[in-house]
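Novice: Predicted coordinates and the sequence they were generated for:
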Amino acid sequence: MCAKPSFIADEPQYFHKSILIVGGGPAGLATALMLAKRGWSNITILEQRATADYYEPDKSFNYLIDGRGQKFTDYLGITPNLAEIGVSTQEFYLTRMAPNGSRKSSKLPIVDPKRKTAYWITRKAFVRMLYEEIERNWQNCIKVLFDAKCVEINKISINNEEDKLDVVAQVGNDHVVRFEPSLLAGCDGLRSVVRNTLAEWDTSGLNKFQMQLFPSASAGLRYKVLSLPPKPPLAHSGEEYAVSEMAYIILGALRNRQRYLRLGLLPVKNPEEPRTANVITPPDHEIWELKDGEAIYSFFEKSFPQLPIRKILSPEEADRFAKSEGGYFPKPQYCPRLQFLLRHKPKSKDSSALGVMLLGDTIHCFPPDIGQGVNAALEDVCVLDEALSQSNDDISQALPLYESLRVADVKALIRLAQIAFPWQYGQAPFRTKLWSINFFLRLVLSRLLPFLFNPPAFFLIQNDQLSYQEILAKVKRTTQILYVLGLLLMCGLLVAGDRLLFASSHNI
Ligand SMILES: Cc1cc2nc3c(=O)[nH]c(=O)nc-3n(C[C@H](O)[C@H](O)[C@H](O)COP(=O)(O)OP(=O)(O)OC[C@H]3O[C@@H](n4cnc5c(N)ncnc54)[C@H](O)[C@@H]3O)c2cc1C
């Protein structure tokens, strides 16, 4: 099915132009689906991985698709599919397991129950869901090429007046395919070849296609992911197993900062699906020195005396985990330009410009503290849809409009990623405590005096009716009020202290 508008006589010619999307992750697949739904045909996606749900142990993390991300699934009418294969936050329980085996289950307090239900889903299942939607309804207009890596993008000048795009892809081991798209979408993640090419083409000298990097307390932490069997046993008695739809935090027994470890298990819908546990540590943690499976067993048995480690971890997985290099949380960063128009000679109303647009991690990337990576990527796609609607799908207008509608929000998102929840990994217990005090102070004050104070950023982010800019403005306003109140309190204390001193020195 390729939905086309009914006014065929007026149908813009652009719909038949070829579109090439580099990257078949969430942003790339969603962009293709949005364009197909608008009526564009002739869409090709290049994905360097072998399949849509290709399993990479260190990328097997879970997404929380919230109301923001669901703007896209609603648009496509696939939110019911998400609800079917995801775990709802309405019924979300978290169990904390202490080293002595004691446990406490609770509904997650920082999930706002008044907001639209969000769904936990593995990356693999979400990407597969989008791909299946293409296969089911849009295969006439979207072609996905797997094992196809974009290796080069050229801008070829014609008569020194206009440019055309020439994209080179390596398909399989030794097959080279060239494309001449009218529209190119860079959805190829942080190390985007599309964005890097635009940075080379940009002659402004302003480095507008270079990522702007910002510090964060969680940037630089290292992570790797442990693959566990479905329903792993959680007690030595062998009588208790992890429930697939429940989340667990398993606290470690070793106290030293370079040895302390905790495991986080996020929920999965399918009880037969393997579980994963994220291991997130400072870069100088001892775990990075362990080079084989036996060393992992020995360290984990000391860390987690409450768990039957050898029943949970197969020797092969322990060895793979030891040898994995894992990854580093990136610094929060964004790209100031989101699009590039090539030189073109407008001949008629329909000879639209050629252009390149960027979406997803290609333009904003940050540590997973606020769970917004995939939601922001899906929102980019909705904003692009809005820009295309407002400009009747004319690329020369739509791409600059997309940038102007989106870039301020992208900047605000990066600032929120810096401040909202960076201390959650226990990397500095004192700072975590200070952060918690700030968080609960704002939460309590916003409940008591909602006209004066806003809830903390992490809470506001769950409100998909607010843009990232609006959220940041509310957070800043509360910070300013807190500063003023703090200042007034200090002045009051100084005056009171002064009076007390004066009174005691004059024996009043
Ligand atoms: C450890 C970790 C935990 C995370 N946790 C969360 C979370 O809890 N919640 C959340 O929302 N987000 C999370 N994220 C972020 C999230 O994964 C990204 O924001 C999201 O995947 C962005 O989607 P994307 O399609 O833009 O990019 P990607 O998912 O990176 O997809 C890019 C795709 O492009 C392909 N590609 C790259 N280069 C080429 C090329 N030259 N040719 C062809 N194909 C190419 C890649 O193979 C990949 O499939 C996490 C990230 C990490 C690293």
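Specialist: Perfect, I can see it now.
Novice: all contacts plus neighbour counts: C-alpha atoms, from now on.
Specialist: Will do.
Novice: on contacts alone, who are the packing partners of the lengthiest helix in the chain?
Specialist: Across the chain, the helix with the greatest residue count (assigned by DSSP state H) is helix 468-505. In terms of contacts (3 or more Cα pairs under 8 Å, 6 or more residues apart in numbering; DSSP states H and E), helix 468-505 is packed against helix 395-419, helix 457-460.
Novice: and that helix, which residues are buried?
Specialist: Residues of helix 468-505 classed as buried: 468-469, 471-472, 474-475, 478-479 (neighbour count, 16 or more other Cα atoms under 10 Å).
Novice: Let me know the closest of those to the ligand.
Specialist: Tyr468 (14.6 Å; Cα to the nearest ligand atom).
Novice: just to revisit the earlier point, out of the helices and strands packed on helix 468-505, which comes closest to the ligand?
Specialist: Closest approach to the ligand among those is made by helix 395-419 (11.6 Å; Cα to the nearest ligand atom).
Novice: residues in contact with that closest one?
Specialist: By Cα atoms under 8 Å, 6 or more residues apart in numbering, the residues outside helix 395-419 that reach it are 214-217, 332-334, 336-341, 352-355, 357, 364-367, 369-370, 380, 383-384, 386-388, 390-391, 457, 467-469, 472.
Novice: One more pass at 6 Å, please.
Specialist: Defining contact as Cα atoms under 6 Å, 6 or more residues apart in numbering, one finds that helix 395-419 is touched by 216, 332, 338, 353, 384, 387-388, 391, 468-469.
Novice: now the helix or strand following it: how far from the chain's centre is it?
Specialist: Following helix 395-419 in sequence order, the next helix or strand is helix 429-448 (DSSP states H and E). Mean C-alpha position of helix 429-448 versus that of the full chain (Cα atoms, centre = their mean, to the nearest Å) differs by 24 Å.
Novice: Give me the residues contacting helix 429-448.
Specialist: So helix 429-448 is contacted by 423, 453-456 (Cα under 6 Å, 6+ apart).
Novice: Looking at the residues you listed, which is nearest the ligand?
Specialist: The closest of the contacts of helix 429-448, once distances to the ligand are taken by Cα to the nearest ligand atom, is Trp423, at 15.3 Å.
Novice: And for that closest one, the neighbour number?
Specialist: Number of residues near Trp423 (other Cα atoms under 10 Å) recorded here: 21.
Novice: now swap in Glu56 and tell me
Specialist: 11.
Novice: How confident was the prediction at it?
Specialist: Note on Glu56: pLDDT of 77.
Novice: Can you name the residues that contact it?
Specialist: Contacts of Glu56 (Cα under 6 Å, 6+ apart): none.
Novice: swap in Arg275?
Specialist: Arg275 sits next to 228-230 when contact means Cα under 6 Å, 6+ apart.
Novice: Quick check: residues of this protein near the ligand?
Specialist: Contact residues (Cα under 6 Å from any ligand atom) of the chain with the ligand: 22-28, 46-49, 61-64, 148-151, 187-189, 192-193, 360-361, 368, 371-375, 377.
Novice: Which members of the residues you listed occur in helices, if any?
Specialist: Under the assignment DSSP H, the residues of the chain next to the ligand contribute 26-28, 193, 373-375, 377 to helices.
Novice: so which pair among those is furthest apart in space?
Specialist: Maximum pairwise distance in those, criterion Cα to Cα, is 22.4 Å, between Val193 and Asn375.
Novice: who are the neighbours of the one helix or strand in the chain whose mean pLDDT sits lowest, in terms of helices and strands?
Specialist: Of all helical and strand segments in the chain, the minimum by mean pLDDT, DSSP states H and E falls on strand 103-107, at a mean of 86. Under the contact criterion of 3 or more Cα pairs under 6 Å, 6 or more residues apart in numbering; DSSP states H and E, strand 103-107 touches strand 93-97.
Novice: Which positions within the strand it packs on qualify as buried?
Specialist: Residues of strand 93-97 classed as buried: 93-97 (neighbour count, 16+ other Cα under 10 Å).
Novice: just stretch 242-260 next, same as before
Specialist: Using 16+ other Cα under 10 Å as the test for burial, stretch 242-260 gives 242-254, 257, 259-260.
Novice: got a list of contacts for it?
Specialist: By Cα under 6 Å, 6+ apart, the residues outside stretch 242-260 that reach it are 93-99, 231-232, 261-269, 271, 285-286, 303-304.
Novice: Can you tell me which of those residues are buried?
Specialist: Buried members of the contacts of stretch 242-260, counted by 16+ other Cα under 10 Å: 93-99, 231-232, 261-269, 285, 303-304.
Novice: These in strands, which ones?
Specialist: 93-97, 262-265 (DSSP state E).
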